[in-house]
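K.L.:
structure for this input, please:
(one chain, ligands or ions: 1)
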Amino acid sequence: MMKKFAVFSLIMLLIAGIAYAKDYEVKKKAGEYDVEIKIDKNPPVVGDNNITVEIKDASGKYVTDAKVKVEYSMPAMPGMPASNYKTDTELKGYEYKAKMNLSMSGAWNVAVKITRSGKTTTVKFNADAH
Ligand SMILES: [Cu+2]
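P.N.:
Predicted coordinates for the structure are as follows:
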């Protein structure tokens, strides 16, 4: 009985693992929010990447009245000045969507800025573009 359950769990984990592998995902707690960020390319690519942000408040409800911006940058490196980009997101249902154009391969610093009632909460993560 236990063994069967263990095998079943392992299979479910494998399926979940495969399902998760398709998007680049970042889940973070930021202030009072649970933020889930997905990039449709995994790994992110040089060129256009679609980024989706989902925000839930402390009670688990989707937040749809925030202003969400995505900033992405790469520090200066030999032969390349620092690059800084900023884009607004558009709310579709409960997902904030934007397009990120990564101009070169390497490590990008991404900051998702959530502004609501005059207060800004930032979620930072790295995206390694290939
Ligand atoms: Cu660079």
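K.L.:
show me where the chain dips below the pLDDT cut-off.
P.N.:
Scanning the chain for pLDDT under 70 picks out the ranges 1-2, 5, 10-21.
K.L.:
point to the residue nearest the middle of it.
P.N.:
Geometric centre of the chain, nearest residue: residue 37, 2.5 Å, by Cα atoms, centre = their mean.
K.L.:
right, and that residue touches residue 124 too?
P.N.:
No. With contact defined as Cβ atoms under 8 Å, residue 37 does not reach residue 124; the gap is 10.5 Å. Placement of C-beta: from N, CA and C, glycine included.
K.L.:
shared neighbours of the two, anything?
P.N.:
Residues within reach of residue 37 and of residue 124 at once, by Cβ atoms under 8 Å, 6 or more residues apart in numbering, are residue 112.
K.L.:
in this structure, what residue spans correspond to strands?
P.N.:
In the chain, the strands defined using DSSP state E lie at 24-30, 33-39, 47-56, 67-74, 83-88, 90-92, 95-102, 106-116, 119-129.
K.L.:
show me what the first one is packed up against.
P.N.:
If you count contacts as 3 or more Cβ pairs under 8 Å, 6 or more residues apart in numbering; DSSP states H and E, strand 24-30 packs onto strand 33-39, strand 119-129.
K.L.:
for this protein, what lies in contact range of the ion?
P.N.:
The interface of the chain toward the ion, taken as Cβ under 5 Å from the ion, is made up of 74, 77, 80, 104.
K.L.:
just the buried ones from these?
P.N.:
For the residues of the chain next to the ion, a neighbour count by 16 or more other Cβ atoms under 10 Å gives the buried set as residue 74.
K.L.:
what's the farthest-apart pair in the residues of the chain next to the ion?
P.N.:
Spatially, the most separated pair among the residues of the chain next to the ion is 77 and 104, at 9.1 Å (Cβ to Cβ).
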